[in-house]
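*Asks:* Here's my sequence, what's the structure:
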Amino acid sequence: MSNGRRLVRAILIILLTLISPIALSGPAAFQWLEASYGELALDDVRAVPASQWQSVSADETLNRGFSDSDYWLKVTLPVDKRNRLLVVGYPLLDEVSLYWEVDGQIIETHHTGDTLPFNSRPIVHRNFVFLAPPSSEPLTAWMRVHTNGSAQIPVAVMPSAEFLAKEQASFGWQAMFVGVVFSLALYNFFLFAMVRDITYLWYVLTVFTTSLVQLNFNGLLFQWVWPTFPRLNEFITAPLVGASLIFALTFTIKFLTLKQFSPLGYRLLWFLRLTTLLLIGYSLFVSYHSGIALVSALAAICTPIAWLVALRLWLRGQTLAGYYVLAWTPLLVGHLALATSKLGLLPRSEFTEMAPQAGVAIEAVLLSFALAYRINIERKKRQEAQEHALVVQREANLTLETRVRERTEELQNANQLLKAASLTDGLTGVANRRRFDEKLNEEWQRAIRHEHELSLIMVDIDHFKQVNDTFGHLVGDDCLVAVANVIDNEVQRSIDLLARFGGEEFVVLLPTTGSEGAGVVAERLRTAVEGSPVKVSDGGAPVNLTISLGVATLLATQGADPQELMRRADEALYRAKAGGRNRVVVWRNSQPTTIS
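*Replies:* As a prediction, this is how the structure comes out:
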């Protein structure tokens, strides 16, 4: 067994082992009554005949699915000298009111819930925990529960010492869950920063948002992130679940290369992603009850569909799809268990509550290994390409002189194309960052020898994120290509260089150009872009764009550094954006100066 497989097996064993002791012990039998919201007061409930109450045994959990009714609970506690706690183990209940009764008298009252600040809870805990008053007589707990979400009411009564022991294991599991998923997310974010493969970023976003969903369902976000803003609980859950679905579907599309290998699966997941996005918007304008019910149903649909698409690819021989199916299976089981439990189709149990978090952790680990395997595949392809080039070269050496010459020319042309490709931005067709760095060093050395000035213009497309968010990334790509073409047409000297610096930023290097000349060029670029609406490929309305430009000029000397030129241009660009955008700022006399 390889070291990688041993590591996966060890992690899975640890995760599964930690789940087992976390269950909420000491479940209590109780009676319950359903009523319309606000219909019954405490005195009305106490007067309800015993025949109208329904019973829940100690091994059951009251689960009514998505409901906006009031649920009244009657929990009877016998006399016990130990300190006891009454625990409601579901933190997403909107209103929880508890009335302690002894010998027919109400002696203590508590009002809490996730629509009230976190400090309304008598005991600081992510669940609802109440200390039973000391009494020499039997206690009765009258509890009113109302929620616009899933009406799940797991009730337990236990000694405080036992609760503390169980809480150590439970919080240990939560801490490990956070450590595992966030470490993997951070690791793969660093990989994304190094290799610039967008698949890693979608993986990071998927793991991050899915983890936040689980922490929200367990009450940890309310406890630690916004304890004084309970209204966030009403609005955050549906959009957060929807965002995790969008990121997961996008990662699936990219990771499995569905556009190439499964056009039908690509269109299906694209449609589900669009549906989720529309549902997120819809959930912001409807009740929490409607929004979370729809999102939960959609999650129960999207997860198995993504799994089936990957399974089909795996059966057709795609190895990466097999890794995806393996990683997605525990997540599928966990999400289906959670969604069907919230909808009231399955009874709430230890499995339905813990399986989602375990599924997320296991999926994050396995997908991280799958991404590493993906890197190995790409490396192997490069090695095969290099080996093929060597074989071609050896065969060329064995041919006749004419063939040798022809092969040599072919190899030279291929190398030139490869070099050109490595120095060219794949989207816009202009020079990339690597080519710019080489050109900057070359021109800096030449400027030192001839004591010339060297100017640099840094260009940033204004409000480009808004363009992406409004029209989509495909239109954003059209805008990048169009802006690059407009600038390229304006940069006319053969010694000048236009390069894509990263994202929506471009740079223009102007050798033997002073500050005034560079400012004139920058203003010409700004005017040209402003006057050239972008025609998008999908036939929509043209997009009007503007750019902000920062200009810097240095006289190259042995003691100077080309990075200072870049720093000044970047500072000037920052001033241009801070000053309102669509303007040119030139670094002059040790400070940026706006010229337009």
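*Asks:* all contacts plus neighbour counts: C-alpha atoms, from now on.
*Replies:* Fine.
*Asks:* Now for the nearest residue to residue 32 once chain neighbours are set aside, which secondary structure element holds it?
*Replies:* Nearest in space to residue 32, with sequence neighbours left out and distances taken as C-alpha to C-alpha, 6 or more residues apart in numbering, is residue 73 at 4.4 Å. Element membership for residue 73 (DSSP states H and E) is strand 70-77.
*Asks:* ditto for residue 142
*Replies:* strand 139-146.
*Asks:* partners of that strand, with directions?
*Replies:* For strand 139-146, the paired strands and their directions (DSSP bridges) are strand 70-77 (antiparallel), strand 95-102 (antiparallel).
*Asks:* which one of these is the most hemmed in?
*Replies:* strand 70-77 (a mean of 21; mean count of other C-alpha atoms under 10 Å).
*Asks:* who touches that one?
*Replies:* 28-38, 45, 138-147 (C-alpha atoms under 8 Å, 6 or more residues apart in numbering).
*Asks:* Which helix or strand lies directly C-terminal to the worst-scoring helix or strand of the chain on mean pLDDT?
*Replies:* When each helix and strand of the chain is scored by mean pLDDT, DSSP states H and E, helix 3-19 comes last, with a mean of 45. Moving toward the C-terminus from helix 3-19, the first helix or strand encountered (DSSP H and E) is strand 30-35.
*Asks:* For that following strand, buried residues please.
*Replies:* 30, 31, 32, 33, 34 (16 or more other C-alpha atoms under 10 Å).
*Asks:* send the alpha carbons of the next helix or strand after that strand over as PDB?
*Replies:* Tracing the chain C-terminally past strand 30-35 and defining elements by DSSP H and E, one meets helix 42-46 next. Extracted as PDB, the C-alpha positions of helix 42-46 are listed here (Å, rounded to 0.1, in the frame of the first residue of the first chain):
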ATOM      1  CA  LEU A  42     -48.700  29.300  29.200                       C
ATOM      2  CA  ASP A  43     -51.900  29.200  31.300                       C
ATOM      3  CA  ASP A  44     -53.800  27.900  28.300                       C
ATOM      4  CA  VAL A  45     -51.300  25.100  27.700                       C
ATOM      5  CA  ARG A  46     -51.300  24.100  31.400                       C
END
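*Asks:* what's helix 42-46 in contact with?
*Replies:* The contact list for helix 42-46 (C-alpha under 8 Å, 6+ apart) reads 72, 142.
*Asks:* make it 10 Å
*Replies:* Outside of helix 42-46, the residues that reach it under the criterion C-alpha atoms under 10 Å, 6 or more residues apart in numbering are 33, 35, 39-40, 53, 72-74, 99, 104, 142-144.
*Asks:* who does residue 131 bridge with?
*Replies:* Applying DSSP bridges to residue 131 gives these bridge partners: residue 85.
*Asks:* Could you check how far residue 69 is from residue 94?
*Replies:* Using C-alpha to C-alpha, to the nearest Å, residue 69 is found at 12 Å from residue 94.
*Asks:* any residues in contact with both of those two?
*Replies:* Overlap between the neighbourhoods of residue 69 and residue 94 consists of 145, 146, 147, 148, 151, taking contacts as C-alpha under 10 Å, 6+ apart.
*Asks:* Secondary structure class of the last one, three-state.
*Replies:* What that stands for is residue 151. On the three-state scheme (DSSP: H, G, I helix; E, B strand; the rest coil), residue 151 is labelled strand.
*Asks:* quick one: secondary structure of residue 356?
*Replies:* At residue 356 the chain is in helix, as set by three-state DSSP.
*Asks:* could you check the distance from it over to residue 565?
*Replies:* 52 Å.
*Asks:* if we can go back for a sec, turn the strands paired with strand 139-146 into TSV, columns for mean pLDDT and distance to residue 86.
*Replies:* Listed next are these as TSV, based on pLDDT from 0 to 100; distance: least, C-alpha to C-alpha, whole Å:
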stretch	mean pLDDT	distance to residue 86
strand 70-77	94	9
strand 95-102	96	10
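*Asks:* Of all these, which one comes closest to residue 541?
*Replies:* strand 95-102 (49.0 Å; C-alpha to C-alpha).
*Asks:* roughly how far apart are the most centrally placed residue in the chain and residue 272?
*Replies:* Averaging the C-alpha coordinates of the chain gives a centre point, and the residue nearest to it by C-alpha atoms, centre = their mean is residue 205 (2.3 Å). Counting by C-alpha to C-alpha, the gap from residue 205 to residue 272 is 18 Å.
*Asks:* can you check residue 314 too?
*Replies:* Residue 314 sits 21 Å away from residue 272 when distances are taken as C-alpha to C-alpha.
*Asks:* The two: which has the busier surroundings?
*Replies:* residue 272 (21 against 18; other C-alpha atoms under 10 Å).
*Asks:* The nearest residue to the more buried one once chain neighbours are set aside: neighbouring residues, count only.
*Replies:* In this structure, residue 272 finds its nearest non-sequential neighbour in residue 302, 6.9 Å apart by C-alpha to C-alpha, 6+ apart. As a burial measure, residue 302 scores 22 neighbours (other C-alpha under 10 Å).
*Asks:* Please consider this matter closed, and thank you.
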